[in-house]
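[1] Output the structure for:
(chains A and B)
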Protein chains: 2
Amino acid sequence: MPLPAHVVRGEGEFVIDGHFGVALKGYKEPRLKRARQRLLDRLSEETGIPLWREASLNEPHFIVQTAGPSAPVQELGENESYHLEITNTDVQLKAENPLGALRGLQTFLQLVRITPKAFTVPAVTIDDQPRFPWRGLLIDSGHRFVPIPTIKRNLDGMEAVKLNVFHWRFADDQGFHVESKKFPLLQQKGSGGFYYSQHEVREIIDYARDRGIRVVPEFDMPCHTGSWFLGYPDLASGQDPSHSSAIDPTRESTYKFLTGFIGEMTALFRDSYFHAGGDECDPKEWEGNPRIKEFMRAHGIKGGVALQVLFTARVQKIIAGRKKIMVGWDEVLQPDTPKDVVIQSWRGSKSLAEATRKGNRAVLSSGYYIDLNQSAAEHYQVDPLGDVAATLMADEKARVLGGEATMWTDIVSHENMDNRIWPRTAAIAERLWSPQEVQDVDSMYQRLAMVSEKLGWYGLRHRLITEEMLERMSGEPDPEPLRVLAAVVQPPRLYQRQELRTFTDFTPLNRLDDAVPPESDTAREFNDIAKRIASGKATREEWQQAREWLQLWRDNDAKLQPLLKRSFLTQDLAPVSRNLAQVAEIGLQALDDLQGNRLVNADTRQRNIEFLKLAAKPQAVLLLMVAPSVELLVQATRAQ
Amino acid sequence: MPLPAHVVRGEGEFVIDGHFGVALKGYKEPRLKRARQRLLDRLSEETGIPLWREASLNEPHFIVQTAGPSAPVQELGENESYHLEITNTDVQLKAENPLGALRGLQTFLQLVRITPKAFTVPAVTIDDQPRFPWRGLLIDSGHRFVPIPTIKRNLDGMEAVKLNVFHWRFADDQGFHVESKKFPLLQQKGSGGFYYSQHEVREIIDYARDRGIRVVPEFDMPCHTGSWFLGYPDLASGQDPSHSSAIDPTRESTYKFLTGFIGEMTALFRDSYFHAGGDECDPKEWEGNPRIKEFMRAHGIKGGVALQVLFTARVQKIIAGRKKIMVGWDEVLQPDTPKDVVIQSWRGSKSLAEATRKGNRAVLSSGYYIDLNQSAAEHYQVDPLGDVAATLMADEKARVLGGEATMWTDIVSHENMDNRIWPRTAAIAERLWSPQEVQDVDSMYQRLAMVSEKLGWYGLRHRLITEEMLERMSGEPDPEPLRVLAAVVQPPRLYQRQELRTFTDFTPLNRLDDAVPPESDTAREFNDIAKRIASGKATREEWQQAREWLQLWRDNDAKLQPLLKRSFLTQDLAPVSRNLAQVAEIGLQALDDLQGNRLVNADTRQRNIEFLKLAAKPQAVLLLMVAPSVELLVQATRAQ
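    Predicted coordinates for the structure are as follows:
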């Protein structure tokens, strides 16, 4: 995953044992050697065979043949194709450049599995290249600082699923988290002490390059910039800088500052693209200041949108002056926006289509907001060339560069971030890499489970986090009954979570809606079975599995309630647990009724359905995901 | 844990929330500030409250009052005492020096727990100091290289349980794993590419000092030195250096080399103590070389032991010449051994007692070999002043400095090391810190479980490793039936494991006897219950728990067998799983018989007992730990 463009299965399998080794042929560079070492390290971790120690002694049966170098700074649209041929005895990986070799190594790693014989890779011939050249993940280090190790392991995850753009956002109203040497008060006053030094930024850029990933920085302006004003209040629009979040676009001093700042940052970040934000400006910020209002009147600027256009045009010129291409959110697209500006579409396919029709290139993020707790299937079904974009002309479609998953940190911390990003982002990565025809959701979920496990071996913490947080919440080393509940609840989708719970910038994110993954695998599997039972297609094993689960859930409440009382972080889960027991009780009754082909009392049936609908509503900021599935079962019973 | 010397419980509890902060009063140094930051980081991780971000803003109710500095290089016997007073509203920690403050901070951290109200620490007044000044952990980076992150997190673990000596062993026949600038061929030829740079060594020394831990290096000589000869064959005793493991003590060039080498290493390691090994010499290595034999004859040296005495005396002089005190294993104790040499006793209490009687100081390691898969209780019951040492005179006892747990890596890798060290080493740490009267094994196990969980929050991987390795072995993301089996087996104790399985230096350590902890908590708890049932003292809940476990084990085999077939790493577990099912079946029958007070067929009873004895024997290098407990149950039944 992502599924390669072209796969032909062979006969047999290649064995990985203590004799495994990799030879580099053709063009060589230190990055390739490090990639080989990383492959050996990964394999050692995954198999327990100490290859990292012995590999140098072995005669390699894995040949990586690279024709020539990649660009010195990774470019948009560079060749990432590779040819991978695995037989019983040998592995051949061929690529035009190191970028393709990196992609091929990841494919090889994903194929490793354990068999009755050994750790092996199945014989196969793969020809592969990406569908879209811009396949990104945004990590928002603006709302909350994200520590370097978190960034690094997520870059490892990106490499594993062949994402190639790390969109790194550094500032927001809540904080300014990167070092400026020219304007040090930005981080000194704006970061709360937590920011990336320029040395660390360079380290991350190198780390990303090693993995075939570009780093596109974002400094969102003119809005979401409250933290800038702690150090440089003169930039602020509001009369009280500490309550202002928009830059003042009317002062020449603003542009002098930005020329210096953007000059510094475009030098620090090597990538050709530079993201200047531009989203969600509130015109009141400007219109509320008499001085700015007077400026607008004097210059015939009609309202905040027009003022932002003026600002964006000047910022774009500063960026272009540094030989960089500007990227901006939807709002920067205006009649006079230069054609080379790339639009990142967060409001929908319509704005993406509009951008490409105007001749701009565009990247889709709408539908890929992984902070909103949607299912992998939902994200998977969003296509950059789907929806309104499906109606574009060929040349317009060619301007759709790809997409970006967005990990906003308003209400996600570095602690639970991995569990929001992974594994669902792998489904988005597949959408952006694999051919458009690859659409089978069941197959996607199967492979997603496999990738999720691999990512665990590569150091991602998504599977550990829930367990750790449940231990914290319960104060128990092995909180099994809480685990049972946690496995069937989810945080509500989209923006409902914020409606149900009050979040400030300092709210500890240590409750069950923070701890559980955005998507319950157990609930999804139970729902599949419930559907088949309701439609009379379930196997004996599925009936049995449904019954076992329902019994587990019914009996769990008695064990869990005493536990919940002991901790202030779990007390509010008592009704959720009670509901689960009652839902399960109803489910078991429905199974009996269906199995015995019994007629059910109509009133009871109706009451149960009403209860199940109620139980499906959020409680303690959680959705009990199995309630609708049990309703399917009850709906399938027949009333007297 | 370790239990403090003096504890008085108070009323109420101190709440840890977003307003938590710590003030340093009195003597200050950067180490104390870093310790405070570490405390905040730990608390943030453990509670999910982002203190790391806010702490600077808060008014502190936790005052750390330090009177003065510690020694510039931590000394043996330095004051580590502290006074900790926790009330509803305030925390006062007082110490003579930073060392005591570090110890007190760890005590505070251990007291944090979750309650129905908040994260809190109970009100308490503690006056605490260690019983022994030398409380160590040996990590053997000689047999296998141990990566820096593994070393660091184990230093964190040591700090948590107040151990204060990291004994770091760098070389053995298998490898030489530290950089020498004077004799670079040592690591270039002897390390397989994996060694600690001197920069990394200094980093670890600083890291340890930050945690109040001394670093005592060991270079074992004249034996276990095979890896030295890859770079410097002239040092070897054997005529074929590549098959030699002992240094040639007869050549002057040897001492010239050692003067240079020890000079370099005593400068690199700041501690006043320098460990020169001296264990397990095979006289044949010397006697097999005619040149050495001739030297011995010419100088009237009668045999290998006497030759080693000569060698040790010269090495000791070199070390003393660098103003360091030599430490050596039992064997270096000879009639003329200088009195300042510290003996590390690995062969038993007798050699420890002998050393102190001769006027030398001594450290006990016999009984603390944590690589040998003994129980925490076994280690806990070993006292440096117990056994033969209990008969020593007061002044001799005063020369017993403490003890050291030893993590040998012959058949443990950096992957499963944490699970061999933790949590059992905390029991040894308690033996070495707490008053001798602290002996309650049940209380120890209760507190050990708590510490084990804390250590997980501090980054130790002991609880994760088993789970990861089971996933690897099974190829399954959630191998529940394998987990059930794994929870009740143990690797055999002492040296039996090596008798049952062939290990080379390159053997992958990825089987179930590598994966499971050295001590099965489930089996221990089941055994406690079985004992109470057998003696008629069990509660209704205990009967119920025993029955649930036995049913789980009986039914597990049917689920596990198909899984075991799929992987070459689990195939040999089939009979172990079958045995568990049969043991459980017998156990359930015994419960029924006991509960019904039935007379049992004598032949059946006897056959069952015989089967249970057989099932208690190692199979697939594993002990089925519940078999003897079930035998207790059967033995408690009465025959017809």
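[2] who's in contact with the residue in the stretch 451-600 of chain A that chain B sits nearest to?
    For the stretch 451-600 of chain A, the residue closest to chain B is A:N510, as judged by Cβ to the nearest Cβ, at 2.8 Å. Placement of C-beta: from N, CA and C, glycine included. By Cβ atoms under 8 Å, 6 or more residues apart in numbering or on different chains, the contact list for A:N510 reads A:M469, A:R472, A:M473, A:L569, B:T47, B:G48, B:I49.
[3] mind checking the backbone torsions on it?
    The phi/psi pair for A:N510 (degrees, to the nearest 10) reads phi -130, psi 30.
[4] how near is it to B:P116?
    15 Å (Cβ to Cβ, to the nearest Å).
[5] swap in A:R153?
    35 Å.
[6] what do you get for A:T259?
    A:T259 is 57 Å from B:P116, by Cβ to Cβ.
[7] Those two: which is more packed in?
    A:T259 (16 against 13; other Cβ atoms under 10 Å in any protein chain shown).
[8] Okay, that one and A:H299: tell me how far apart.
    21 Å.
[9] Where does pLDDT dip in chain A?
    Along chain A, segments meeting pLDDT under 70 span A:52-58.
[10] Map the structural domains onto the sequence of it.
    A:6-128, A:134-282+A:313-439, A:465-639 (automatic domain parsing).
[11] looking at these, which is buried most?
    domain A:134-282+A:313-439 (a mean of 21; mean count of other Cβ atoms under 10 Å in any protein chain shown).
[12] can you tell me which residues contact A:L432?
    A:P2, A:P130, A:R131, A:F132, A:W134, A:R135, A:L163, A:P384, A:G402, A:G403.
[13] tell me the secondary structure for it?
    helix (DSSP: H, G, I helix; E, B strand; the rest coil).
[14] Apart from its chain neighbours, what residue comes closest to it?
    A:R135 (4.1 Å; Cβ to Cβ, 6 or more residues apart in numbering or on different chains).
[15] Relative to A:L401, how far out is that neighbour?
    Distance from A:R135 to A:L401, by Cβ to Cβ: 9 Å.
[16] Please apply the same query to A:I151.
    With Cβ to Cβ as the criterion, A:I151 and A:L401 are 23 Å apart.
[17] beta partners of A:V327?
    For A:V327, the beta-bridge partners are A:H275, A:V342 (DSSP bridges).
[18] contacting residues around it?
    A:V216, A:E218, A:Y273, A:F274, A:H275, A:A276, A:V341, A:V342, A:I343, A:Q344, A:V363.
[19] Quick check: next helix or strand after the host helix or strand of the last one?
    This means A:V363. Secondary structure from DSSP states H and E places A:V363 in strand A:361-364. Counting by DSSP H and E, the next helix or strand C-terminal to strand A:361-364 is helix A:376-380.
[20] about what we covered before: wait, which of the contacts of A:L432 is closest to B:N601?
    Using Cβ to Cβ, A:P2 comes nearest to B:N601 of those, at 64.1 Å.
[21] show me the residues around the closest one that make contact.
    A:P2 neighbours (Cβ under 8 Å, 6+ apart): A:V161, A:K162, A:A426, A:A429, A:E430, A:L432, A:W433, A:S434, A:V438.
[22] so when I look at it, I'm seeing a strand, right?
    No. Per three-state DSSP, A:P2 lies outside any strand segment and is coil.
[23] can you tell me how far it sits from B:E179?
    In terms of Cβ to Cβ, A:P2 sits 43 Å off from B:E179.
[24] Then A:P4?
    44 Å.
[25] Return the residues of the stretch 351-500 of chain A in contact with chain B.
    A:413, A:415, A:449, A:452-453, A:456-457, A:464, A:468-469, A:471-475, A:477 (Cβ under 8 Å from any Cβ of the partner chain).
[26] State the pair within those that is farthest apart.
    Largest pairwise distance in these, by Cβ to Cβ, is 30.6 Å, between A:A449 and A:G475.
[27] how about the strands in the stretch 451-600 of chain A?
    Taking DSSP state E, counting those that start in this stretch as the test, the strands found in the stretch 451-600 of chain A are A:489-490, A:599-600.
[28] would you turn those into a markdown table with distance to B:G304?
    As requested, the strands of the stretch 451-600 of chain A are exported to a markdown table (distance: least, Cβ to Cβ, whole Å):
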| stretch | distance to B:G304 |
| --- | --- |
| strand A:489-490 | 69 |
| strand A:599-600 | 89 |
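[29] what about those, which gets the closest to B:V305?
    strand A:489-490 (69.5 Å).
[30] now the closest one: how far from the chain's centre is it?
    Offset of strand A:489-490 from its chain centre (Cα atoms, centre = their mean, to the nearest Å): 19 Å.
[31] which helices and strands does that strand pack with?
    With contacts taken as 3 or more Cβ pairs under 8 Å, 6 or more residues apart in numbering or on different chains; DSSP states H and E, strand A:489-490 sits against strand A:623-624.
[32] Can you give the contact residues for the strand it packs on?
    Residues contacting strand A:623-624 (Cβ under 8 Å, 6+ apart): A:V488, A:V489, A:Q490, A:P491, A:P492, A:V576, A:N579, A:L580, A:V583, A:A615, A:A616, A:K617.
[33] The one residue in the stretch 251-400 of chain A that gets nearest to chain B: what's it in contact with?
    Nearest residue of the stretch 251-400 of chain A to chain B (Cβ to the nearest Cβ) works out as A:A376 at 15.4 Å. Contacts for A:A376 (Cβ under 8 Å, 6+ apart) come out as A:P423, A:R424, A:A427, A:M444, A:Y445, A:L448, A:E519.
[34] can you pull the contacts of A:L464?
    Applying Cβ under 8 Å, 6+ apart, we find A:L464 in contact with A:G456, B:L464.
[35] gap between it and A:E179?
    Distance from A:L464 to A:E179, by Cβ to Cβ: 31 Å.
[36] Tell me the spatial nearest neighbour of A:Q374, not counting adjacent residues.
    Counting by Cβ to Cβ, 6+ apart, the nearest residue to A:Q374 once its immediate chain neighbours are dropped is A:R493, at 5.6 Å.
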